[in-house]
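Visitor: give me a 3D structure for the following:
(chains A and B)
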Amino acid sequence: MALFCPKKIQLEELKQQMGTLLKEPNALTPPEGLATGHAPLDQFLLWKGLPKGELSCLMGRPGTGATTLWIQTAQKTIEQKKWVAWINSASQLMPANLLVQKVDLNRILVVQKPQTHQQLYWITQELISSNLFETIGCHLNETPQKFPHHYLKKLKNLARLHKVALVFICNYTGSSQLSNLRSSLFSLILHFQKNEIQVRRALHRPTPTPIQWRLQNADFMYQLTDGQTPFMR
Amino acid sequence: MRILCINLQTDKHPSCAEAFLCLSPRVHYRAPHFIFVDIASTSLLLGGERQVLEHAFELALKISPFAQVAIADSAPAAQIFATYHQKYLSHAGASTNEIASFTLSSLLHFEGLLPWPSEREVEAMLSLFQLIGLRTLGDLKNLKLESLRERFGELGTTLWKRVHSVEKQTVSPLLSQEPLVAYSYFDDPVDLVPILFHKLKPSVEFLFLRLEGLSRFAERLTLRLFCEYSGQRQEFHIEAAGPSRNTELFLTLIERRLESVSLENPIREFEIEIFDCPEKVTQLDFFEPRDRNEDQWQKLVSILGQHEVNMGFLQTEAHYMPEDSFSLVKKFPHLHQPQDQISIIDEALQVKRAYGKALNAAPRPSLLLEKPEPLANGKMKDYKFLTSIPTERIEAAWWDEAEERDYYLAASYCGALVWIFQDRMSGSYYLHGYYD
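Guide: Predicted coordinates:
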């Protein structure tokens, strides 16, 4: 009994058979992203910025610069006459800082702190579904793992449908949180540390990868740029 | 004269005529289900009689699924066409000839604004005409006025005038007197929200059709649900971000509102009342003029506002305390930009420096805590002050015994930059913000 032997196909023949399904390398476009303005990070990421239609998580101790990265991204988005939204937690965005960073306050919608997780989830849903915002920043005092899994999944599907960059900015207080984080739902996880950003997860990129990051607002305090001060070592 | 007749074929409330005010101010409702609209002066403005007919048909179908419409030279002729045709446009000046071919039985529908006083008398007339060999309405033209008057009295005179199109039936402007209220009673009480919403929807759509015709906006919608037991009732007020006639928006708001309603006590009847206001031309505050996302903004603001979610734009306030230096406003924010006053008196240049001008560029944290967090001695060790003297001192006037604060920048070992202040009255330190 003869065994079935598949016919050998040459590569060129296969390419002809696939026809228009194949794309030329120069026709490939990366998925859309919102530029953050921090060149080393933008160049490293596949989306050249924060990914649109995906969930991102910016983790770090308060004061390490996670919110500023989102604000810089929002500023660049607003410059293109688009809208952004922000959901407060116990900490609120301060307009004086936004004005210094040249953010047009007419284009950033701010929602006060929701009472419960459920309300936060509902508000985020409504903001995404409204099709008005390019990016929505949500400040959390804890990691997103406090959210039920199906909430995050639904938000991800909604963000993908409406092409919105949903960014959670959360406090990071211990390494255990990183391992418990439902990393598969987040396309981008950044961990803000003293002088660098650790890219913990980024699609199609080797991780973890450190990216140079300067302490924010350091230019008005020479001690912060000095590097010689004992406590900064 | 050109008359549009809408035959709804099912008995409807006279207020349904208001939905057709968008076609002409001259609208007349005649029971049980006829609406006559004088479109002689308005058809050209609306794109011609064919467009008017199509638009009227669309509107009529929203009120009754069996509606029929027709345009003719007179109201009686229009009624006959609307009875026997779904959509009919009679040529100008030719209606009399076009109805001539209709059979005598259509005489019962040859009424217009003024119905026959007695159907039995008309049927008696019909029997007589058929007996003498008349077959069509056109044959009635051969009868003389004196003969008809002698035989049938006023009825005969009316018949002669209608057949020869000399009867004057003028459609007067419709004055709205009915309140925008809808009521319905359920034979079986409803205890499921989707079913309740399904039953509410036609009433809401009908009220908004009337609003459209009246060219008015809905400011607020009140929904009253009367329960089956114990005479209980539930009342809700539905308000959009601003007055509007957007039916979809209000239906969405009602649906969202009903999701939180408990129907343990089933609903037996409901009442919907709309508080209307004149149409406004000015833009709402939340969006720029001619913004194509206007409807989406209004929907988002209305839905979040309905659930009492506090949202808006950040507005800087002229207050020295950081936590009071901004607020959330619904309108586009107005930025306080203190500027030096420069005046030229003769050849002298006088510059009056604006107080607090440099504060705009003062370093402020990106995140401000809602309430300053007191720092105990243990927590103070985690932070290193970058300066021995405060970077900023904020205090009220000397006669005001309010708080006085010295602000410092501090950094932690892990690179966090924070904003700490010392209360000069108590000497305690508080964490107020993060340069995050």
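Visitor: what's near enough to touch B:S176?
Guide: For B:S176, the contacting residues are B:S15, B:E18, B:L21, B:L214, by CB atoms under 8 Å, 6 or more residues apart in numbering or on different chains. The way it works is simple: take the backbone N, C-alpha and C, and place the C-beta from them, glycine included.
Visitor: just the element for it, please.
Guide: Counting by DSSP states H and E, no helix or strand carries B:S176.
Visitor: how near is it to chain A?
Guide: 35 Å (CB to the nearest CB, to the nearest Å).
Visitor: and what of B:N310?
Guide: 4 Å.
Visitor: tell me the contacts of that residue?
Guide: Going by CB under 8 Å, 6+ apart, B:N310 touches A:V111, A:Q112, B:L328.
Visitor: what's the local residue count around the second one?
Guide: A:Q112 has 16 neighbouring residues, counting by other CB atoms under 10 Å in any protein chain shown.
Visitor: just B:P32 next, same as before
Guide: For B:P32, the neighbour count with other CB under 10 Å is 11.
Visitor: returning to what we had before: nearest to B:G133 among the contacts of B:N310?
Guide: Nearest to B:G133 among the contacts of B:N310: A:V111, at 82.2 Å, using CB to CB.
Visitor: tell me how many other residues crowd that closest one.
Guide: The number of residues packed around A:V111, counting by other CB under 10 Å, is 22.
Visitor: same check on B:S101?
Guide: Residues near B:S101, counting by other CB under 10 Å, number 11.
Visitor: need phi/psi at the closest residue in space to it that isn't next to it in sequence.
Guide: Once flanking residues are discounted, B:S101 sits nearest to B:T136: 5.9 Å by CB to CB, 6 or more residues apart in numbering or on different chains. Main-chain torsions, B:T136, degrees, to the nearest 10: phi -120, psi 170.
Visitor: and B:T136, how close does it get to B:Y434?
Guide: Distance, B:T136 to B:Y434, by CB to CB, to the nearest Å: 91 Å.
Visitor: who does the spatially most central residue of chain A bridge with?
Guide: Nearest residue to the geometric centre of chain A (CA atoms, centre = their mean): A:S56, 3.5 Å. Judged by DSSP bridges, the bridge partners of A:S56 are A:V167, A:L188.
Visitor: contacting residues for it?
Guide: So, once contact is read as CB under 8 Å, 6+ apart, A:S56 ends up touching A:L50, A:A165, A:L166, A:V167, A:F168, A:F186, A:S187, A:L188, A:I189, A:L190.
Visitor: so how far is chain B from the first one?
Guide: Going back to what we said before, that points to A:L50. In this view, A:L50 and chain B are 16 Å apart by CB to the nearest CB.
Visitor: average pLDDT for stretch B:76-91, rounded please.
Guide: Stretch B:76-91 comes out with an average pLDDT of 92.
Visitor: residue 93: what's it in contact with?
Guide: I'll assume chain A. Applying CB under 8 Å, 6+ apart to A:L93 gives the contacts A:T67, A:I71, A:W86, A:I108, A:V110, B:L314, B:S366, B:L367, B:L368.
Visitor: ah, I was thinking of chain B
Guide: Shown in contact with B:G93 (CB under 8 Å, 6+ apart): B:D73.
Visitor: so B:T10 is in which element?
Guide: Counting by DSSP H and E, B:T10 is found in no helix or strand.
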